[in-house]
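Participant: quick one, what's the 3D model for this:
(2 chains)
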Amino acid sequence: AQSVTQLDSHVSVSEGTPVLLRCNYSSSYSPSLFWYVQHPNKGLQLLLKYTSAATLVKGINGFEAEFKKSETSFHLTKPSAHMSDAAEYFCVLLKAAGNKLTFGGGTRVLVKP
Amino acid sequence: NAGVTQTPKFQVLKTGQSMTLQCAQDMNHEYMSWYRQDPGMGLRLIHYSVGAGITDQGEVPNGYNVSRSTTEDFPLRLLSAAPSQTSVYFCASSRGQAAADTQYFGPGTRLTVL
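Facilitator: Numbering: from 1, shown residues only, chains lettered A, B, ... in the order given. Have a look, this model is predicted:
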């Protein structure tokens, strides 16, 4: 079965410190993976996507993610958190059959001043 | 462009009532989809469409109907509302027919079923 698991439901960081959001996936094929962000009371917005090109993917707002096949992971990082990064982040896997996306449970990020 | 619009923003229903959640996009996108968002469960796909006249089921289709008579509109119908359908509903669209294309999400409809 194809699935995606976000290992932390909540992450709290101080402004200016690094952010790490962890995502593991399960897939029997070479996956396409995405990170989406949802700011409070808004719809979701694409941060970045991996589709079997470079394993280090750069996204918007200084975020990047590294695809590691040996660890079945696709963790999202940012070197220095900003107050505007407070949001919920979703790791997303494209299912090969059926042209559908499957979402992780989400990680809510709190940024402390 | 207005992007993806959803109406209403909020709705309260009684058990057994029916209603339609509206979704429209003005970007000439082929792929449209409906998700529900529940705490700790991420978003779950209800139904999707790869073009006018074509729809298919997602993970949680029971209790919901869709149709796609035009490229722009993709309404979601609740046939007989149940408290388990209390959720936030998001519509999304993308340019091509692939879910891998960048999805553009509407602002959501918060539905409460009493």
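
Participant: buried residues, stretch A:29-37. List them.
Facilitator: Using 16 or more other Cβ atoms under 10 Å in any protein chain shown as the test for burial, stretch A:29-37 gives A:31-37. All C-beta atoms are positioned from the backbone trio N, CA, C, and that covers glycine.

Participant: wait, I meant stretch B:100-108
Facilitator: Under 16+ other Cβ under 10 Å, the buried positions of stretch B:100-108 are B:101, B:103-108.

Participant: endpoint to endpoint, that stretch covers what distance?
Facilitator: 21 Å (Cα to Cα, to the nearest Å).

Participant: average pLDDT for that stretch?
Facilitator: The average pLDDT within stretch B:100-108 is 90.

Participant: now what about that stretch, what contacts it?
Facilitator: Here stretch B:100-108 makes contact (Cβ atoms under 8 Å, 6 or more residues apart in numbering or on different chains) with A:32, A:36, A:41-46, A:49, A:51, A:94, A:101, B:3-6, B:9, B:23, B:25, B:27, B:29, B:31, B:33, B:37, B:88-95.

Participant: can you do 7 Å?
Facilitator: Identification of contacts with stretch B:100-108 by Cβ atoms under 7 Å, 6 or more residues apart in numbering or on different chains yields A:32, A:42-44, A:46, A:51, A:94, B:3-6, B:23, B:31, B:88-95.

Participant: what of stretch B:50-65?
Facilitator: With contacts defined as Cβ under 7 Å, 6+ apart, stretch B:50-65 is touched by A:99-100, B:30-31, B:36, B:44-49, B:66-71, B:76-79, B:82, B:85, B:97.

Participant: hmm, back to that, out of the buried residues of stretch A:29-37, which touch chain B?
Facilitator: Restricting the buried residues of stretch A:29-37 to those touching chain B (Cβ under 7 Å from any Cβ of the partner chain) yields A:Ser32.
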